[in-house]
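Participant: sequence first, then the predicted structure:
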Amino acid sequence: MQNAVTEVRTLLKGKNLRLTPQREAVLRILLDCEGSHLTAEDIYDRTRAEYPDIGLATIYRALELFEELGLVSRLEFGDGGRRYEFALGKDHHHLLCLDCGQIAEFNEDLLEDLQETIARESGFLILNHSLRFFGYCSRCKSKHIREVEA
């Protein structure tokens, strides 16, 4: 985790920005909760333990900055909310259960060749990508298979 914090600090410094204590707190929560897909409110609740005076607007500003810099991915899974995760150097995909709402990550990067082809043919500089699969998790799929068979 310390390597990621140092890397973010260096990136921000290169853009004449600082890794303030509040930004660092947001970053550390995202790193500590890797794979959790937190809402801004989740991050706010966890950050207040260390910074009781921090405001939700500060959390949103930190997330917005991190997103602009490619450090954080904002995820929208069709449930009306936004979730965030640390994304520096990560290409991964998500499996979303339409029944229980479980979100699982799928790390196999099968799109690497496609990404290279798209970049080459379009001249577009691709920094990251995301793919979402919607369906039913192993616990929920049995009741939906029965519905389809009926």
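Facilitator: On my side now, so go ahead.

Participant: burial of residue 40, as a residue count?
Facilitator: 20 (other CB atoms under 10 Å). For the C-beta atoms, the positions are set from N, CA and C on the backbone; glycine is no exception.

Participant: in contact with it, which residues?
Facilitator: Residues in contact with residue 40 (CB atoms under 8 Å, 6 or more residues apart in numbering) are 56, 59, 60, 63, 82, 84.

Participant: please enumerate the helices of this structure.
Facilitator: 2-14, 21-32, 40-47, 56-68, 112-122, 141-149 (DSSP state H).

Participant: tell me the contacts of residue 41?
Facilitator: For residue 41, the contact set (CB under 8 Å, 6+ apart) comprises residue 56.

Participant: before we move on, what about residue 144?
Facilitator: Counting by CB under 8 Å, 6+ apart, residue 144 has contacts 99, 136.

Participant: try it again at 6 Å.
Facilitator: Listed by CB atoms under 6 Å, 6 or more residues apart in numbering, the contact partners of residue 144 are residue 136.

Participant: which of the contacts of residue 40 sits closest to residue 106?
Facilitator: residue 84 (18.5 Å; CB to CB).

Participant: in the sheet, who's paired with the most centrally placed residue in the chain?
Facilitator: Centroid-nearest residue in the chain: residue 85, 2.5 Å away (criterion: CA atoms, centre = their mean). Beta-bridge pairing for residue 85 (DSSP bridges): residue 73.

Participant: ok, it to residue 67 distance?
Facilitator: 11 Å (CB to CB, to the nearest Å).

Participant: do residue 61 as well
Facilitator: Distance, residue 61 to residue 67, by CB to CB: 11 Å.

Participant: cool, and residue 26?
Facilitator: Using CB to CB, residue 26 is found at 11 Å from residue 67.

Participant: now residue 41
Facilitator: Distance of residue 41 to residue 67, given as CB to CB: 17 Å.

Participant: could you do residue 93 as well?
Facilitator: Residue 93 is 19 Å from residue 67, by CB to CB.

Participant: how many neighbours does the residue nearest to residue 4 when sequence neighbours are not counted have?
Facilitator: Spatial nearest neighbour of residue 4, excluding adjacent residues (CB to CB, 6 or more residues apart in numbering): residue 31 at 5.8 Å. Residue 31 is flanked by 16 other residues according to other CB under 10 Å.
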